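Give me a 3D structure for the following:
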Amino acid sequence: MSTPKPPASNPAFSLYRQPALLDRTAHRGKRFKRIEGFALAAPMNACFVAVGEWAEVAKEYVIGFVPGSAPDAQGASEMSPVALLGLRERENLFVEADGRWDARYVPGFIRRYPFSYARTGEGQHSVMIDLAYEGLSDTEGELLVQDDGAPAPQLQEMMKFLDAYEQEIERTRLLCARIVELDLLKSVQIDVTLPDGQSLNAGGVNVIDEARLKALPDAAALELLRNGALGLLHAHLISMTNVQGLTQRLGRRM
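Now for the predicted structure:
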């Protein structure tokens, strides 16, 4: 499994083919249909998941940590949490042949498509849209921008979601930085045995080292307990049991 680039630092990732800032003049009169299928995500074998999603994500997906594209100011690698969607490169085991997402919960990173936020200044974000999205139209769907240049109701709704999601990205960044600071991660290989007996090495991912977590000084452990991080880390650990479910999905597809 190739290591995905964390979407927290790269909003385009693999979904956005022609990302552009939403222009209230150029895009006035444009319409969009809500996404009906997820075929576009079929080649994604992982996607970013924010901490606020972990409780839900852990019920169906494996949560792992992957390094960012560059080290931080102290020389340490930033880490981003991802939901593993497949065990082989360019294969999402949760997207069916007809584009249906075969799971109860769809990660927010996927649900926000074709929109996203792009950082346009210190503390400033602007709406980005994928101009290659097939649901964009001049005649069909929900209006993007009203005649006076203001966001249309559906776009306002999406912007509220993006605002909340951006806050979750920041919360996630802070927690991951603390995890790295406390040296709680270890690298593991995901080796699985398919139903036909074939062995497969799906590559490496970082996970919380339970022994290190249990050995934390009392002050650090209490900090993680009081700020809710300890429960999130346990959700991540529980999610590792979903490797078996991924293996079964791959076996059925093969």
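
now the strands: where do they sit in this structure?
If DSSP state E is used as the criterion, the strands of the chain fall at 19-21, 31-32, 46-48, 62-71, 77-84, 115-121, 124-130, 136-137, 142-143, 185-193, 199-208.

Residues in contact with the second one: which ones?
When contacts are defined by C-beta atoms under 8 Å, 6 or more residues apart in numbering, strand 31-32 is touched by residues 114, 133, 135-144, 154. All C-beta spots, glycine's among them, are computed from the backbone N, C-alpha and C.

deepest of the strands of the chain, which one?
When you average the neighbours per residue for each of the strands of the chain (mean count of other C-beta atoms under 10 Å), strand 46-48 leads with a mean of 26.

Just give the strands next to that strand in its sheet, each with its orientation.
Next to strand 46-48 in the sheet, as set by DSSP bridges, lie strand 77-84 (antiparallel).

From the chain's centroid, how far away is the partner strand?
9 Å (C-alpha atoms, centre = their mean, to the nearest Å).

cool, and stretch 179-198?
With C-alpha atoms, centre = their mean, you get 18 Å for stretch 179-198.

before we move on, back to that, tabulate the strands of the chain (JSON lines), appending mean pLDDT and distance to R173.
Listed next are the strands of the chain as JSON lines, based on pLDDT from 0 to 100; distance: least, C-beta to C-beta, whole Å:
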{"stretch": "strand 19-21", "mean pLDDT": "92", "distance to R173": "21"}
{"stretch": "strand 31-32", "mean pLDDT": "92", "distance to R173": "29"}
{"stretch": "strand 46-48", "mean pLDDT": "94", "distance to R173": "11"}
{"stretch": "strand 62-71", "mean pLDDT": "81", "distance to R173": "10"}
{"stretch": "strand 77-84", "mean pLDDT": "90", "distance to R173": "7"}
{"stretch": "strand 115-121", "mean pLDDT": "87", "distance to R173": "13"}
{"stretch": "strand 124-130", "mean pLDDT": "90", "distance to R173": "15"}
{"stretch": "strand 136-137", "mean pLDDT": "91", "distance to R173": "31"}
{"stretch": "strand 142-143", "mean pLDDT": "90", "distance to R173": "32"}
{"stretch": "strand 185-193", "mean pLDDT": "93", "distance to R173": "15"}
{"stretch": "strand 199-208", "mean pLDDT": "91", "distance to R173": "16"}
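
and of the ones you listed, who's closest to L175?
Taking C-beta to C-beta, strand 77-84 is the member of those nearest to L175, at 8.6 Å.

The closest one to strand 199-208, inter-axis angle?
Strand 77-84 runs at 130 degrees relative to strand 199-208, counting by axes from the mean of the first three to the mean of the last three C-alpha atoms, to 10 degrees.
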